[in-house]
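*Asks:* let me see the structure of the following:
(4 chains)
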Protein chains: 2
Amino acid sequence: MKGVSDIDAGALAGTATFQLGTLGAIATERFSTAIGAFGLKPKHAGVLQVLLLDPLISQQELAHKMGVAPSLMVGLLDFLESAGAIERERDPADRRRQVIDVTDEGERLYVLCARAAASIEVELLAGLGERAEGFRKLLANVAEDFGLPTRDTR
Amino acid sequence: MKGVSDIDAGALAGTATFQLGTLGAIATERFSTAIGAFGLKPKHAGVLQVLLLDPLISQQELAHKMGVAPSLMVGLLDFLESAGAIERERDPADRRRQVIDVTDEGERLYVLCARAAASIEVELLAGLGERAEGFRKLLANVAEDFGLPTRDTR
DNA sequence: CCTATATCATTCACTATCTGAATGATTCTT
DNA sequence: AAGAATCATTCAGATAGTGAATGATATAGG
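*Replies:* Residues are numbered from 1 along each chain as shown, chains lettered A, B, ... in the order given. Sure, this is the predicted structure:
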């Protein structure tokens, strides 16, 4: 039965789709473990990231940018609030909305997340040697194509 | 309050860790949608991929390679079996084990998955233009560093 | 040989994560 | 002023995953 149909047994694993998906899962898992040390999960870090780049956003827009249901966002923000990372108060201009403020503690936690991610990046790209920088640039280009926030490199 | 602590608001989003994680999620979600058309989920495709590259593996090893609990693997294989993609029979040499055979139907489904992944890859890398091939090579290098199965390019 | 221990697949109870459909408050439109 | 739309929130349920038993089988030591 082998040699008759003779499939390319690496066709799937060879795609960038598969590799991105799998490496992304590895990256996120490591990130999750690292920031778990101070009580956060990747989605919490993502919320802080979006909020710092887009401070006056509504919870609806926040949920939309992160690709989750608004009902899930409530719980994520509840957690961040109880951790002292954000504060919510009704928008006086539109009392349906909440104005979300990232506190100093929130910024502190964000910086810790960014450091953890930077340290994991080193591990992930270690095997690339001097080609790591080129890979980073191309990856950032793809990220930008898909609307991910880009680093301010001014 | 702005300008006092003055955080780098793109520090996290700028890391390859964050970008890999997010793009990986996008890749997997698109892949999931595509292969959902013929009833599979990404983990099922992953199982077929591992099995085709490593046919005599035990369920334990399979679960270990995929980073899931053996108890989860049972359900994934039950599904693939009921879909006609694999067959299980007790290993006569060690009757605790199951010998897992990928059927013709399993190979057919695998090829469909590989095609879907290839087509999504084109979308993902479209913005890279002629630099896509370079990115693909670097990504494959990283994948190999982390033990992902590599395409046979003989 | 036979008893201990280990290993395999499987089941089961439980937890975590996420969604979509209500709900109530508020705002917008006309 | 009324009806439609929008916001945050709650809630019930779906889905995916884990770790701890369980029973069958295999292996190692005395």
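*Asks:* how about the residue nearest to A:Phe135 when sequence neighbours are not counted, secondary structure?
*Replies:* Excluding the flanking residues, the one nearest A:Phe135 by CB to CB, 6 or more residues apart in numbering or on different chains is B:Leu138, at 4.3 Å. (C-beta placed from N, C-alpha, C; glycine too.) Secondary structure state of B:Leu138, per DSSP: H, G, I helix; E, B strand; the rest coil, is helix.
*Asks:* report how many residues lie close to B:Leu138.
*Replies:* 19 (other CB atoms under 10 Å in any protein chain shown).
*Asks:* and if you look at A:Glu133?
*Replies:* Considering only other CB under 10 Å, A:Glu133 is surrounded by 11 other residues.
*Asks:* against A:Leu139, how distant is it?
*Replies:* 11 Å (CB to CB, to the nearest Å).
*Asks:* residue in chain A nearest to chain B?
*Replies:* In chain A, the residue that lies nearest chain B is A:Gly24 (1.4 Å; CB to the nearest CB).
*Asks:* verify the contact between that residue and B:Gly21 for me.
*Replies:* Yes - A:Gly24 sits in contact with B:Gly21 when judged by CB atoms under 8 Å, with a separation of 5.0 Å.
*Asks:* beyond the longest strand along chain A, next helix or strand please.
*Replies:* Counting by DSSP state E, the longest strand found in chain A is strand A:94-102. Next along the chain after strand A:94-102, taking DSSP states H and E as the criterion, comes helix A:104-125.
*Asks:* please give the element, helix or strand, for A:Gln19.
*Replies:* Using DSSP H and E, A:Gln19 maps to helix A:16-36.
*Asks:* doesn't A:Leu76 make contact with A:Lys43?
*Replies:* Yes - using CB under 8 Å, A:Lys43 is in contact with A:Leu76, at 5.7 Å.
*Asks:* okay, and the common contacts of those two?
*Replies:* Common neighbours of A:Lys43 and A:Leu76, using CB atoms under 8 Å, 6 or more residues apart in numbering or on different chains, are A:Val68.
*Asks:* ok, the two, which is more surrounded?
*Replies:* Neighbour totals were compared for A:Lys43 and A:Leu76, and A:Leu76 leads with 20 against 17 (other CB under 10 Å).
*Asks:* pretty sure that one sits in a strand.
*Replies:* No - read with three-state DSSP, A:Leu76 is helix and lies in no strand.
*Asks:* give the contact list for it.
*Replies:* Per CB under 8 Å, 6+ apart, neighbours of A:Leu76: A:Lys43, A:His44, A:Val47, A:Val68.
*Asks:* let's see it at 6 Å
*Replies:* A:Lys43, A:Val47 (CB atoms under 6 Å, 6 or more residues apart in numbering or on different chains).
*Asks:* same check, this time on A:Leu139
*Replies:* B:Ala16, B:Gln19.
*Asks:* one more time with 10 Å, if that's ok
*Replies:* By CB atoms under 10 Å, 6 or more residues apart in numbering or on different chains, A:Leu139 lies in contact with A:Leu20, A:Leu125, B:Thr15, B:Ala16, B:Gln19, B:Leu20, B:Leu23, B:Leu128, B:Phe135, B:Leu138, B:Leu139, B:Val142.
*Asks:* then A:Val47?
*Replies:* A:40, A:59, A:62-63, A:65-66, A:68, A:73, A:76-77, A:79-80, A:85-86, A:100, A:102, A:106, A:110.
*Asks:* so it: helix, strand or coil?
*Replies:* With three-state DSSP as the criterion, A:Val47 reads helix.
*Asks:* again, but for A:Arg90
*Replies:* Under three-state DSSP, A:Arg90 comes out as strand.
*Asks:* the closest residue to it other than its chain neighbours: how many residues sit nearby?
*Replies:* The shortest distance from A:Arg90 to any non-neighbouring residue, by CB to CB, 6+ apart, is to A:Gln98 (6.3 Å). When neighbours are counted by other CB under 10 Å, A:Gln98 registers 18.
*Asks:* comparing A:Gly24 and B:Gly21, which residue is more hemmed in?
*Replies:* Between A:Gly24 and B:Gly21, counted using other CB under 10 Å, the more crowded position is B:Gly21 (27 against 22).
*Asks:* let me know the pLDDT of the closest residue in space to the more buried one that isn't next to it in sequence.
*Replies:* With sequence-adjacent residues excluded and distances taken as CB to CB, 6+ apart, B:Gly21 is closest to A:Thr28, at 4.0 Å. Here, the pLDDT recorded for A:Thr28 equals 98.
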